[in-house]
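Chemist: The sequence and its predicted three-dimensional model are supplied below.
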Amino acid sequence: MALDTHEQEQIDALKAWWNENSNSILGILLIVLLTVGGWRGWDYYQTQQSIESATLFEQFLQQMDSGDVDRINDAAIAIRDKFSGSGYSPRAMLLAAGVNEQSGDRGVVRGQLQWVIDHASEESLKDVARLRIAALLLDEEKYAEAMQQLETKHTPSFDGLYADLKGDVLLAQGKTDEARSAYNLAYEKLSEDSRYRTIIQMKMDSLGKAE
């Protein structure tokens, strides 16, 4: 059926508009498609990374069960090197540090704990690492360095544990009154149902009352 004059004019105008704007429209569509595809690709990448990091951490835990220090360290390093930004890496390093501490390799322990402090995204993991470094320094009689770790800002939920270790450092230096105050603070900061309160109470009892 023949088109009337008005319809033909509309078609001609549409063709003219398309010829003038087709390049820019196609460019915009291409950008949109690439953007959508890019997000989908990123989601896929993130999912794959999560699966791989979780699998590698599971393998690390299997090595932990083996008790082989070298294999445990190798597995922890593998996670650290490949998925340093994941939550698995600092946890693997903390667990490996515990194994190395039992084996007496303090240099490796310090390195692993410091890595957690420098790279973990979760403040609570950093707090744990600082506590453990401070405990090592206390054993080495490096009291000033231990206190420096314990004076570092930490999450409130760790107040009790930090105060308790401060008490240990102060007591080792013969500062009985200050140690007693630190233990008192630790006792107050820990929850009433914490079993660790019993240990702190024993420390306070052993010091007796302040003169």
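Modeler: Thanks, I have it.
Chemist: Give me the neighbour count for residue 114.
Modeler: The number of residues packed near residue 114 is 15, by other CB atoms under 10 Å. To be clear about C-beta, it is placed using only N, CA and C from the backbone, and glycine gets the same treatment.
Chemist: same thing with residue 170?
Modeler: Other residues near residue 170 number 20, with proximity taken as other CB under 10 Å.
Chemist: Just give the nearest non-adjacent residue to it, would you?
Modeler: Leaving aside its chain neighbours, residue 170 sits nearest to residue 179 (4.0 Å; criterion: CB to CB, 6 or more residues apart in numbering).
Chemist: Would you confirm that that neighbour contacts residue 163?
Modeler: No - if you go by CB atoms under 8 Å, residue 179 and residue 163 don't touch, sitting 10.4 Å apart.
Chemist: follow-up on the earlier one: C-terminal to whichever strand or helix holds the residue nearest to residue 170, which secondary structure element comes first?
Modeler: Secondary structure from DSSP states H and E places residue 179 in helix 176-189. If you walk from helix 176-189 toward the C-terminus, the next helix or strand you reach (DSSP H and E) is helix 196-207.
Chemist: chain center to the helix holding residue 179, what's the gap?
Modeler: 29 Å (CA atoms, centre = their mean, to the nearest Å).
Chemist: Please report how far the residue nearest to residue 170 lies from residue 167.
Modeler: Between residue 179 and residue 167 the distance is 5 Å, computed by CB to CB, to the nearest Å.
Chemist: who touches both of these two?
Modeler: With contacts defined as CB atoms under 8 Å, 6 or more residues apart in numbering, no residue is adjacent to both residue 179 and residue 167.
Chemist: Which of the two has more residues huddled nearby?
Modeler: Neighbours around residue 179 and residue 167, counted as other CB under 10 Å, are more numerous at residue 167. The numbers are 25 against 21.
Chemist: Go ahead and confirm that one touches residue 177.
Modeler: No - distance between residue 167 and residue 177: 11.0 Å, which falls outside the contact criterion (CB under 8 Å).
Chemist: need the next SSE after the lowest-mean-pLDDT helix or strand in the chain, C-terminal direction.
Modeler: Taking all helices and strands of the chain together, the one with the lowest average confidence (mean pLDDT, DSSP states H and E) is helix 5-66, at a mean of 60. Once the chain leaves helix 5-66, the next helix or strand it forms, by DSSP H and E, is helix 69-82.
Chemist: re earlier: identify each buried residue in the helix holding residue 179, please.
Modeler: Along helix 176-189, the positions that meet the burial threshold by neighbour count (16 or more other CB atoms under 10 Å) are 179, 180, 181, 182, 183, 185, 186, 187, 189.
Chemist: Kindly report the same for stretch 90-100.
Modeler: Neighbour counts using 16+ other CB under 10 Å place 90, 91, 92, 93, 94, 95, 96, 97, 99, 100 of stretch 90-100 among the buried residues.
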